[in-house]
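J.: sequence unavailable; structure follows:
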């Protein structure tokens, strides 16, 4: 399980990264290994109480949101490449995972999907409902399913701080960025959503240095409320680090990472409005033809009454220049809900219809976990 | 149910098959697919903590003939993710010494109720799980308490319910097990709940949120569809009776009781300690100080309303207990009250049912000239000699 990459191997990895991953505004993992990621690494069984969102940090470090215990768990998968992407579509992924976990699909809940950009390996987090067991399942280039052995693994666990006696009970995202790991979470008693900044290296059992900040959101320039973040990505613009987040009520907003300080309050600036009734799920950015794009997929609230396409699950790509637009909040760009595209730079992505989870493979391709009329399929699709 | 297969009588096969058919039907009826109950899989029975595992020898065919008993069947704690069994030490025997039909394994140790066990027939690898909670479900229905209590008047911008269960529940996609019916229109309210699982550590208290996009003024869903609740309408909060506890027991009859409430006008006012009523305790007793809020506040934050209690700068250790409807909180001292002037520090996060806190309203109108919303955050009371 644990493999230490040789210097030559790492060099090849960096070369591959340089060739295939054009430096983008979102964090490029292979290029950012200047700081150690983990410290006081434990070896043994990692207990995950209720697994949720996942993402990758460099060197095959998988960041996991343990919702059940309000903690971020990082494991060294040893999966550091080379890149071998999924060769062909894997059908009935949910049935295969359920069978591997000894239950029916009715007793399986798929929480998230992440792709290791250094290897192309696909990781799915799932919960077996019958006993609330969390599991991580991988799919390799041949579509071979493996249950990740969590009983003999190197890991660290970083509990998110308890604030005002109210523990975090949902973690809506965990993402690596240069110099820190960011997590967004909510308590089960207050409406507020907090962003936690966990400094590197992530140190087992240490949460004292975590900073949290409350997020507020300005709706239509008139009303301001606390707001839960649904999904987010780190983003760099003009030498500044930002968090680009989507709220449960759809608008895409950005925050300055430097504003994140202990118990502070920051306000998001709405930059794009995708139209009402959509719950954003995943986000990532990529570069094409010298232009930065943001991909996000959503679950459409209004699908039955006002369908946008064939499925309640749909996705859009947004020209990242909207994030630097001067028109924000009440004047932020709004997707034209009557059309598939428009205004310019906001486009519905056909390949994201029916897609429950999407993750970036590279600047040309994404991996989609698609709800194919009740059965889940896994496939590599070209980015638009 | 599980002790019928240990008596080694000649008609045991008929009984086992009948039992298997019966249990299969139980599984179908309850929607539970495991443990597998094929007639030739290992059969596990437990009585008073003592387990016995048996396998029908004829089902093994020729492959089982030259094997020792320990090469045929094992039993022990089961790690389901890796499908590995840690074999328990025990004794092997047969149901009949001359013409055996069954090989029986009896572990030396009693089984624990909180451990998943499994038996494995090693010839073909068939595994039978034994989950104590599945086989011995508590017959009492799961009790459900919802906070605020039913038959309350809730503001039209009400935010959340705390749903308490007497047993741990399966915590995923919890919102799918609830629906909201408008009794004025007779229609179900479309997608009223936020899609999020917010449980306590034991999966026994769920925080069920109304969809924030519809409850917040100026947010797109609120503007497009309006709020979830209409003032003056009466509603039923319905829970799916097929929702299962962690042990796999459907709620069934537990949800027959109707949870009804009526919506009143939206509440945009912050709670104000100036309007609270304090009932001071009696000297030299541990009777509680009672704070009456004059309105229903959020139960979870109401029980943490006091962050510190002091008597002339001496910190007093206290405990707090909120009423279910969030209208009062009782403050108990760890030692009898002494005479003096007490100061209570208030939690600025204390919220009402619509999310307005002592700190600020849930929604702030940015066109308003008011910028400082904080209410007073201390209370005082005296106990005289």
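T.: Looks like it arrived, so ask away. None of these values were measured; they are calculated from a predicted model.

J.: list the buried residues in stretch B:315-334.
T.: B:316, B:318, B:320, B:322-323, B:325-331, B:333 (16 or more other CB atoms under 10 Å in any protein chain shown). For every residue, glycine as well, the C-beta is placed using N, CA and C.

J.: what does stretch A:45-59 give?
T.: Those would be A:46, A:48-59, for stretch A:45-59 by 16+ other CB under 10 Å.

J.: got any ranges where chain A has weak pLDDT?
T.: A:1-34, A:163-166, A:191-192, A:208-226, A:248-251, A:261-270, A:275-277, A:302-306, A:325-342 (pLDDT under 70).

J.: how about chain B?
T.: Along chain B, segments meeting pLDDT under 70 span B:1-40, B:48, B:132-139, B:215-225, B:254, B:256-257, B:366, B:370-371.

J.: so which residue is dead centre in it?
T.: Against the mean C-alpha coordinate of chain B, by CA atoms, centre = their mean, the closest residue is residue B:204 at 2.0 Å.

J.: was I right to think it contacts residue B:166?
T.: Yes. The criterion here is CB atoms under 8 Å, and residue B:204 meets it with residue B:166 at 7.5 Å.

J.: which parts of the stretch 151-300 of chain A are strands?
T.: With DSSP state E, counting those that start in this stretch as the criterion, the stretch 151-300 of chain A has strands at A:153-159, A:168-177, A:180-187, A:193-199, A:202-203, A:211-219, A:223-226, A:229-237, A:240-247, A:252-256, A:264-273, A:278-288, A:291-300.

J.: tell me which of these sits nearest to residue A:67.
T.: With CB to CB as the measure, strand A:168-177 is the member of the strands of the stretch 151-300 of chain A nearest residue A:67 (5.5 Å).

J.: how distant is that closest one from the center of its chain?
T.: 9 Å (CA atoms, centre = their mean, to the nearest Å).

J.: any chance you could map the strands in the stretch 151-300 of chain B?
T.: Under DSSP E, counting those that start in this stretch, the stretch 151-300 of chain B gives strands at B:152-155, B:160-165, B:178-182, B:187-188, B:205-209, B:234-239, B:259-264, B:277-279, B:289-292.

J.: okay, the ones you listed in a markdown table with mean neighbour count next?
T.: Shown next, in a markdown table, are the strands of the stretch 151-300 of chain B (neighbours: other CB atoms under 10 Å in any protein chain shown):
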| stretch | mean neighbour count |
| --- | --- |
| strand B:152-155 | 18 |
| strand B:160-165 | 22 |
| strand B:178-182 | 17 |
| strand B:187-188 | 12 |
| strand B:205-209 | 23 |
| strand B:234-239 | 17 |
| strand B:259-264 | 18 |
| strand B:277-279 | 13 |
| strand B:289-292 | 19 |
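
J.: out of those strands, nearest to chain A?
T.: strand B:205-209 (4.2 Å; CB to the nearest CB).

J.: domain assignment for chain B?
T.: Domains of chain B are assigned by automatic domain parsing as B:12-135, B:144-264, B:273-383.

J.: deepest in the core, which of those is it.
T.: Among the domains of chain B, domain B:144-264 has the highest mean neighbour count (mean count of other CB atoms under 10 Å in any protein chain shown), at a mean of 19.

J.: distance between the ends of it?
T.: One end of domain B:144-264 to the other measures 25 Å (CA to CA, to the nearest Å).

J.: so who does residue B:160 touch?
T.: A:191, B:207-210, B:298 (CB atoms under 8 Å, 6 or more residues apart in numbering or on different chains).
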